[in-house]
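> Below is the sequence, then the predicted model.
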Amino acid sequence: MRRMKCRPLWRVQIGLVFAAFLLSIGICSERVETVRAASSGPYVNAKAAIVYDATTRKVLYDKQADTPMYPASTTKLMTAILLVQHLDPDAPIYIGTEAAHQPKVRLGVKPGTTIAADDALRALLMKSANDVAFGIAQSVGGSQAGFARMMNVEARMLGCTHTRFVTPNGLHADAHTTSARDIALILAEAVKYPRIVEAMQTKSHTVAGKSINNTNRILYNSSAAIGEYIGGKTGFTSKAMYCLATATRQHGHVRISVVFGAPRKSLMYRETIRLLTWSNKHFPADDVENKQAPSHP
């Protein structure tokens with residue numbers, strides 16, 4: 001087993017200070033533009049939605065995309081990013097008592113269990129295991145609070161402007177909010193890591209003797225109409241309602257759909273497919289520069 005990538009505390013602190021300096025002078029913020037659309041775009045019932053072209057950094061569709069909302073388990077996309085940034089695939093993730101007793105959904109291992117980082121990554125993204133997310137937070141950040149600070153620094157580095165993470169798993173906290181646009185930026189970063197894409201595309205896996213299946217229906221039912229499926233993450237809490245972030249490849253571009261606050265799970269999937277089918281049809285890659293996205297109430 002390879003050793004963990006250890007980062008001394010003083011280096012982490014210097015890195016946080018340097019990141020804050022870069023943010024203050026605007027070096028790290030990602031510029032996102034809005035483009036002109038030939039049609040008004042599809043109607044969606046979800047509270048917020050966006051279609052974002054990550055290749056050109058342009059928004060193709062926008063419905064309340066900058067409104068802070070509860071993200072539920074789409075939060076785990078950021079947890080996955082920090083995991084692969086800081087730990088090798090076989091580095092140990094320790095599931096302690098507090099982690100093991102996180103509310104469902106859980107992998108369900110006993111306190112004191114250790115699993116490899118890439119097994120944790122699959123449990124995180126395939127099963128949306130809250131206990132594993134908490135174990136990752138403690139293993140990478142030392143505590144949930146320490147990990148949340150790392151999450152928020154990374155979010156700012158990616159250009160997120162409406163994000164404040166409190167938990168590593170998206171379980172409800174009043175202060176834990178982000179926006180559809182910010183989650184699109186986070187997913188755009190996540191799919192740059194082959195380990196994350198591989199985990200999101202895995203249909204079944206065994207972790208700590210437990211068989212898990214990927215719960216994202218888009219993986220099983222994607223069609224050519226939405227482009228080539230790359231990956232995504234579901235989310236649900238009673239206050240966030242149904243959330244889904246999805247990345248596809250259309251006309252050689254990475255296109256990302258985020259739906260927040262859909263009233264039903266089936267609608268969350270249907271509206272994601274509707275948005276991605278629309279962007280695939282109406283935005284050929286060479287036409288993006290000349291269009292502007294509609295804004296929806």
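Arrived safely. Residues are numbered from 1 along each chain as shown.
> Give the residue spans of the stretch 101-250 of the chain that score low on pLDDT.
By pLDDT under 70, the stretch 101-250 of the chain contains no weakly predicted segment.
> Walking through the stretch 1-150 of the chain, point out its helices one by one.
Using DSSP state H, counting those that start in this stretch, the helices of the stretch 1-150 of the chain run over 9-25, 76-86, 97-100, 117-122, 130-141, 144-157.
> what would those helices look like in a markdown table with distance to Ile186 and mean neighbour count?
Glycine gets a C-beta too; all of them are placed from N, C-alpha and C. Shown next, in a markdown table, are those (distance: least, CB to CB, whole Å; neighbours: other CB atoms under 10 Å):
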| stretch | distance to Ile186 | mean neighbour count |
| --- | --- | --- |
| helix 9-25 | 16 | 12 |
| helix 76-86 | 5 | 24 |
| helix 97-100 | 23 | 18 |
| helix 117-122 | 15 | 25 |
| helix 130-141 | 15 | 26 |
| helix 144-157 | 7 | 19 |
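> Met268 is nearest to which of these?
The closest of these to Met268 is helix 76-86. By CB to CB, the value is 16.0 Å.
> Which elements pack onto that closest one?
The contact analysis (3 or more CB pairs under 8 Å, 6 or more residues apart in numbering; DSSP states H and E) places helix 76-86 against helix 117-122, helix 130-141, helix 144-157, helix 180-190, helix 194-201, strand 228-237.
> I'd like the average pLDDT over it.
Mean pLDDT, helix 76-86: 98.
> what residues are up against the residue nearest the centre of the chain?
Nearest to the geometric centre of the chain sits Leu77, at 3.0 Å (CA atoms, centre = their mean). When contacts are counted by CB atoms under 8 Å, 6 or more residues apart in numbering, Leu77 is found next to 183, 186-187, 190, 233, 245.
> What separation do you get for it and Tyr43?
Distance of Leu77 to Tyr43, given as CB to CB, to the nearest Å: 26 Å.
> For Tyr43, the count of nearby residues, please.
Applying other CB atoms under 10 Å, we find 9 other residues in the vicinity of Tyr43.
> pLDDT at it, what is it?
You'll see Tyr43 listed with a pLDDT of 94.
> Mind listing residues that contact stretch 101-111?
The contact list for stretch 101-111 (CB under 8 Å, 6+ apart) reads 95-97, 99-100, 115, 123, 127-134, 169, 171, 207-208, 210, 212.
> Could you check how far it is from the centre of its chain?
Centroid separation for stretch 101-111 versus its chain: 21 Å, with CA atoms, centre = their mean, to the nearest Å.
> same question, stretch 176-193
Relative to its chain's centre, stretch 176-193 lies at 5 Å (CA atoms, centre = their mean).
> Could you pull out the buried residues of that stretch?
Residues of stretch 176-193 classed as buried: 176-191, 193 (neighbour count, 16 or more other CB atoms under 10 Å).
> was I right about Ala116 contacting Ala91?
Yes - using CB atoms under 8 Å, Ala116 is in contact with Ala91, at 7.1 Å.
> where do the helices sit along the stretch 151-297 of the chain?
Using DSSP H, counting those that start in this stretch, the helices found in the stretch 151-297 of the chain span residues 180-190, 194-201, 217-221, 265-282.
> Quick one: list the elements packing against the shortest one.
It stands for helix 217-221. The contact analysis (3+ CB pairs under 8 Å, 6+ apart) places helix 217-221 against strand 228-237, helix 265-282.
> hey, which of these is tucked in deepest?
A comparison of the helices and strands packed on helix 217-221 by mean neighbour count, using mean count of other CB atoms under 10 Å, puts strand 228-237 on top with a mean of 22.
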